[in-house]
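Trainee: Okay, structure incoming, though there's no sequence with it:
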């Protein structure tokens, strides 16, 4: 993993914040912690970071509200922490644009592994496509083009505001444009796991992408009972 990252953590439980901060700092990162999401938001607006870890249940703005506000201006990776353990809460977190969701109680090591996985994926893709072959023609559909070196997907030359997970999913679909892709295949390719319970992660990310692709000449079509296909708008 290349370089230390700046990470912000918001949780109203002092002991949880300190454990998270200790583990992430020992892994080489610069960590700032906050007892409320509102304080994290204030700090983020003054100095953006590389990753945000948000508790859901906090005084003031809850984690879902903070996630929504962050997504209005930023694609920073977000991990949600919650004592709730319901499929609806999980779906809500992903639907609002978080990149991962961990239910309390959890081990600090498991959170550290999730953090490493997010940064490893971002760094791997950046290094993999840092020097694309000059003769390679960038994949495109409608007004979308893929800039793998810069980790951007462009619509008419302007970069779409995508979270890391949205970028990975849309990139995979662009590389397989016109092909029917199952939810399980997308889960395995983008998130690195494949279970029937987690297929809602794909559905929620596709829902957000569809809004962002409006007017691009490209659409994500549903393949009934199977998955999705990226194709030119008819």
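Mentor: Received the coordinates, thanks. Remember, predicted model here, so these are calculated numbers, not experimental data. Residues are numbered from 1 along each chain as shown.
Trainee: tally of neighbours for residue 190?
Mentor: 22 (other CB atoms under 10 Å). Any C-beta I mention is one placed from the backbone N, CA and C, and that applies to glycine too.
Trainee: For it, what are phi and psi?
Mentor: Note on residue 190: backbone dihedrals following degrees, to the nearest 10 are phi -100, psi -50.
Trainee: ok, it - contacts?
Mentor: 165, 168-169, 172, 202, 205 (CB atoms under 8 Å, 6 or more residues apart in numbering).
Trainee: what do you get for residue 23?
Mentor: 108-109, 111-112.
Trainee: average pLDDT for the longest helix seen in the chain?
Mentor: Longest helix in the chain, counting residues (DSSP state H): helix 108-128. Average pLDDT, helix 108-128: 77.
Trainee: distance of the closest residue in space to residue 108 that isn't next to it in sequence from residue 118?
Mentor: Leaving aside its sequence neighbours, residue 108 sits nearest to residue 23 (CB to CB, 6 or more residues apart in numbering; 4.4 Å). Distance check for residue 23 against residue 118: by CB to CB, to the nearest Å, it reads 15 Å.
Trainee: what do you get for residue 46?
Mentor: 23 Å.
Trainee: again, but for residue 99
Mentor: Separation of residue 99 from residue 118 (CB to CB): 6 Å.
Trainee: tell me, what's touching those two both at once?
Mentor: Counting by CB under 8 Å, 6+ apart, the residues touching both residue 99 and residue 118 are 77, 79, 164.
Trainee: where exactly do the helices run in the protein?
Mentor: Using DSSP H, helices in the chain cover 14-26, 37-46, 63-71, 87-95, 108-128, 164-175, 183-186, 199-212.
Trainee: quick one: which of these is nearest residue 155?
Mentor: Between residue 155 and these, the shortest separation by CB to CB is 8.4 Å, and it involves helix 199-212.
Trainee: From what I see, residue 33 and residue 17 are in contact.
Mentor: Yes: contact criterion CB atoms under 8 Å: residue 33 and residue 17 qualify, at 4.2 Å.
Trainee: least trustworthy helix or strand in this structure by mean pLDDT?
Mentor: Here the helix or strand of the chain ranked lowest by mean pLDDT, DSSP states H and E is helix 87-95, holding a mean of 64.
Trainee: From the contacts of residue 190, keep the buried residues only.
Mentor: Burial by neighbour count, 16 or more other CB atoms under 10 Å: within those this picks out 165, 168-169, 202, 205.
Trainee: Select, from the residues you listed, the two members most distant in space.
Mentor: Every pair of those checked by CB to CB; the farthest is 168 and 202, at 11.5 Å.
Trainee: Residue 99 and residue 118 - which one has more neighbours?
Mentor: Between residue 99 and residue 118, counted using other CB under 10 Å, the more crowded position is residue 99 (26 against 19).
Trainee: Correct me if wrong: that one contacts residue 165.
Mentor: Yes: using CB under 8 Å, residue 99 and residue 165 qualify as a contacting pair, with a distance of 4.8 Å.
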